[in-house]
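Enquirer: test case, fold it:
(one chain, ligands or ions: 1)
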Amino acid sequence: MGNRALKISIAHLYPELLNLYGDIGNIITLKKRCEWRGIEVEFEEIHTKDTIKEHDLYFIGGGQDKQQEEVADILYSHKSFLTEERDRGAVFLGICGGYQLFGHYYQPHDKDKLKGLSLMDAYTVAGNKRFIGNVTAKTDFLTPQTLVGFENHSGLTYLQGETKPLAIITTGNGNNGQDKTEGARYKNVFGTYLHGSFLPKNTHFADYLIELALEKRYGEKIKLQQLDDKIEMETHNSLINKAY
Ligand code: GLN
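Expert: Modelled structure (predicted):
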């Protein structure tokens, strides 16, 4: 990384509406893990009346169907810009309800279909039961491979085409409780059902996202210096051990 003064810009989409189970903890983690390394963070909250400018990383949290209904049309109005951002290599992380809106649509119970951004080739339909509980899953690209978190959703998400799972479920339900997939990834767009909040318990994934955002901004891979993650990984591992 050298001594260059590094910077990334992070946008938090609609925190006043989509921020279930402390999803704000994901923003705090990204900011702190940059700050602790001397990486400047330009941070912007995007509210429903705001325009959206270019950022290196976009975050959107989860929410009840009602909040998703409030956000969906506004988010959809930014579809072409956010699709261009995706194709410029911007990093996206969506949690649960926010993740569902990264796909083509979310069909709630007895309500009109909510149009999604189609940033990934996926769709969600409301199921007949809620999936609630701790989740452990395994990726094929992180070290350690594991991800942990808490799920609470009735939505069933199905992946298609080149959109791949973020991880494979080891305990819990994940995308739909049937195909053992959890979350999704297409290009640098990531979605997960894991609340908790997610990144404080999975700091290795937080660093992975920061490195992708730096690569998008500077056009080269930049390896982050290691932090002392003893407590974070003890928490991560304790949740894995608890799940079995
Ligand atoms: N309302 C959506 C569902 O129930 C998302 C819930 C959430 O964000 N936790 O599937």
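Enquirer: from here on, just use CA atoms for contacts and neighbour counts.
Expert: Will do.
Enquirer: now do the helices in the chain.
Expert: Remark: helices assigned in the chain by DSSP state H are 24-35, 65-76, 79-87, 97-100, 198-201, 203-218, 230-243.
Enquirer: run the angle between the second one and helix 79-87 for me.
Expert: Same thing as helix 65-76. 80 degrees (axes from the mean of the first three to the mean of the last three Cα atoms, to 10 degrees).
Enquirer: closest to the centroid, which residue in the chain?
Expert: Leu93 (2.7 Å; Cα atoms, centre = their mean).
Enquirer: wait, it sits on Asp56?
Expert: No. Here Leu93 does not reach Asp56: they are 11.4 Å apart, not a contact under Cα atoms under 8 Å.
Enquirer: who touches both of the two?
Expert: Jointly contacting Leu93 and Asp56 under the rule Cα atoms under 8 Å, 6 or more residues apart in numbering is no residue at all.
Enquirer: re earlier: TSV for the helices of the chain, including mean pLDDT, distance to the ligand and mean neighbour count?
Expert: Converted to TSV, the helices of the chain look like this (pLDDT from 0 to 100; distance: least, Cα to the nearest ligand atom, whole Å; neighbours: other Cα atoms under 10 Å):
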stretch	mean pLDDT	distance to the ligand	mean neighbour count
helix 24-35	98	13	19
helix 65-76	97	4	17
helix 79-87	98	20	17
helix 97-100	98	4	29
helix 198-201	97	12	24
helix 203-218	98	20	20
helix 230-243	93	20	14
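Enquirer: which intervals of this protein have sub-threshold pLDDT?
Expert: Scanning the chain for pLDDT under 70 picks out 1-3.
Enquirer: how about the residues of it near the ligand?
Expert: Applying Cα under 6 Å from any ligand atom, we find that the chain lies next to the ligand at 62-65, 96-97, 152-155.
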